[in-house]
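Peer 1: okay, structure incoming, though there's no sequence with it:
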């Protein structure tokens, strides 16, 4: 899958073994475009807030501390639905405490650009992001 975030391009692998239902549901949304903003609670990560959006999946092999480039989908519950896009050390959380999300994508090309993307979003604000 190709991900474009601001001026950066990445290639990601679908994690169909870890999160098959999440991957299948997300593929039906493609091409998918949103805004990527900096996380408030999760450390070196950006996120895509999705409010009350329902993808129709529950938790699958959920993680709380993803490695940089391991993208998580949180189906909602304690906090709003969201996609977490870690670019460095992250511990997934919200104002009400820790969260876990489904590891549905992993960056396999362009990971060296993740820290630059994080700095851009932190200092310059929201960036367009697309998944194709």
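Peer 2: Great, that's in hand. The structure displayed is predicted, hence computed values, not measured ones.

Peer 1: residues near residue 120, how many?
Peer 2: 20 (other C-beta atoms under 10 Å). Just so you know, the C-beta spots here come from the backbone N, C-alpha and C atoms, and that holds for glycine as well.

Peer 1: buried residues in the helix or strand where it lies?
Peer 2: In this assignment (DSSP states H and E), residue 120 forms part of helix 114-124. When neighbours are counted by 16 or more other C-beta atoms under 10 Å, the buried residues of helix 114-124 are found to be 114, 117-118, 120-121.

Peer 1: could you do stretch 43-57 as well?
Peer 2: In stretch 43-57, counting by 16+ other C-beta under 10 Å, buried: 44-48, 50, 55, 57.

Peer 1: farthest pair within these?
Peer 2: Largest separation among the buried residues of stretch 43-57 by C-beta to C-beta: 44 and 57, giving 25.9 Å.

Peer 1: ok so, going back, check pLDDT for the buried residues of stretch 43-57 and point me to the minimum.
Peer 2: Between the buried residues of stretch 43-57, the one the model trusts least by pLDDT is residue 55, at 91.

Peer 1: quick one: that one and residue 24 touch, right?
Peer 2: No - the pair residue 55 / residue 24 is not scored as a contact, 10.0 Å apart, by C-beta atoms under 8 Å.

Peer 1: sketch out the helices for the chain, chain order is fine.
Peer 2: 20-27, 114-124 (DSSP state H).
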